[in-house]
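In: Got a sequence here, can you build the structure:
(one chain, ligands or ions: 2)
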Amino acid sequence: MNPACVLTIAGTDPSGGAGIQADLKTFQELKSYGMSVVTSVVAQNTTGVKDVHHLPDSFIREQLFAVSEDMPVHAVKTGMIANKEMMQVIKDWVQTIDAPYIMDPVMIAQSGDPLVEQEEQIYLKRHLVPESTLVTPNIPETETLLNRRIDHEEDMKEAAVEIVEQLGAGAALVKGGHLKGKAVDFLYDGYQLHSFEEERIDSANTHGTGCTYSAAIAAYMSQGYPLTQAVEKGKHFVTAAIRHSFDLGKGDGPTNHFALRREVFHS
Ligand SMILES: Nc1ncnc2c1ncn2[C@@H]1O[C@H](COP(=O)(O)OP(=O)(O)OP(=O)(O)O)[C@@H](O)[C@H]1O
Ligand SMILES: Cc1ncc(CO)c(N)n1
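Out: Ligands and ions are numbered 1, 2, ... in the order given. Got it, this is the predicted structure:
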């Protein structure tokens, strides 16, 4: 039997913890067939972003059609999309695809370095958010999308509803990784609010958590899980990946994509 097929459209992380690399590891671990279209090649590691090369938007279009003219796409996720031209190409292509679209509105790397400029973020909000089945902003991304501060859980809940009702997303998952206390995320699916809560793990190794989470949701949706269940299972996966994260690199280390396997690894 053929596997479910899931595509990531994102930037790279040669150190393997975030971006396309995190997405593909997640897809593989969750047993979906992973495919990838590169938007930008990023020289980065756990300590920060050193340099970036953006691919021409015409070449992103070529990659997208190379995938979709040949392969099934059962779910798609986007991560770093650095400029308007790329956003337009991706928007046009997404409209040709009949599959859930999970948009991680990546703006700043975990290290604090910007990956997408302010002006482009406005374009993302106007043009890509309305195409999404689900958008997955963290707190700073939510603040940028809605142009106001998010300080506590009530703000997160209101924001999730507004992202759907005012910005036109299919659903919104506002992630509380940047707040204090429990690690709580709120999902508004257009009908009701759901909360997903886990203990906060005392770890600085959170490089790529957002990528891993949205990739897990996309993988589960490619397999036909309904949205709420895909988020619940994705949250379980990312929490395990943080709990068993690796102390690799000189900055915030990467999460552990093997975490659900309960195996011992040798170095
Ligand atoms: N220390 C932690 N302990 C437990 N869960 C956490 C912790 N930090 C983040 N999370 C959870 O991890 C998921 C990713 O959330 P977060 O807000 O960190 O995403 P992000 O900022 O987009 O990630 P990235 O670092 O890739 O930019 C959410 O479910 C969040 O609640
Ligand atoms: C390419 C890329 N996408 C997303 C993130 C956010 O973690 C990152 N650091 N790099």
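In: Which positions in the protein make contact with ligand 2?
Out: Within the chain, the residues that sit near ligand 2 (CB under 6 Å from any ligand atom) are 10-13, 18-19, 42, 44, 79-80, 106, 109-110, 115, 208, 210-211. Bear in mind the C-beta positions are built from the backbone N, C-alpha and C, glycine included.
In: show me where the stretch 101-250 of the chain has helices.
Out: Assigned by DSSP state H, counting those that start in this stretch, the helices in the stretch 101-250 of the chain fall at 118-123, 139-146, 153-165, 209-222, 227-243.
In: how about these, which one is nearest ligand 1?
Out: With CB to the nearest ligand atom, the closest approach to ligand 1 among these belongs to helix 209-222: 2.2 Å.
In: The closest one packs against which elements?
Out: In terms of contacts (3 or more CB pairs under 8 Å, 6 or more residues apart in numbering; DSSP states H and E), helix 209-222 is packed against strand 5-10, helix 19-29, strand 75-78, strand 101-103, strand 172-175, helix 227-243.
In: could you dump those to JSON lines with distance to residue 63 and mean pLDDT?
Out: Shown next, in JSON lines, are these (distance: least, CB to CB, whole Å; pLDDT from 0 to 100):
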{"stretch": "strand 5-10", "distance to residue 63": "8", "mean pLDDT": "98"}
{"stretch": "helix 19-29", "distance to residue 63": "12", "mean pLDDT": "98"}
{"stretch": "strand 75-78", "distance to residue 63": "13", "mean pLDDT": "98"}
{"stretch": "strand 101-103", "distance to residue 63": "17", "mean pLDDT": "98"}
{"stretch": "strand 172-175", "distance to residue 63": "27", "mean pLDDT": "98"}
{"stretch": "helix 227-243", "distance to residue 63": "25", "mean pLDDT": "97"}
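In: Could you save those as a markdown table and add columns showing distance to residue 144 and mean neighbour count?
Out: Below are the helices and strands packed on helix 209-222 laid out as a markdown table (distance: least, CB to CB, whole Å; neighbours: other CB atoms under 10 Å):
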| stretch | distance to residue 144 | mean neighbour count |
| --- | --- | --- |
| strand 5-10 | 18 | 28 |
| helix 19-29 | 19 | 25 |
| strand 75-78 | 16 | 29 |
| strand 101-103 | 14 | 29 |
| strand 172-175 | 12 | 28 |
| helix 227-243 | 22 | 21 |
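In: contacts with ligand 1 among the residues of the chain next to ligand 2, please.
Out: Applying CB under 6 Å from any ligand atom to the residues of the chain next to ligand 2, those adjacent to ligand 1 are 18, 110, 208, 210, 211.
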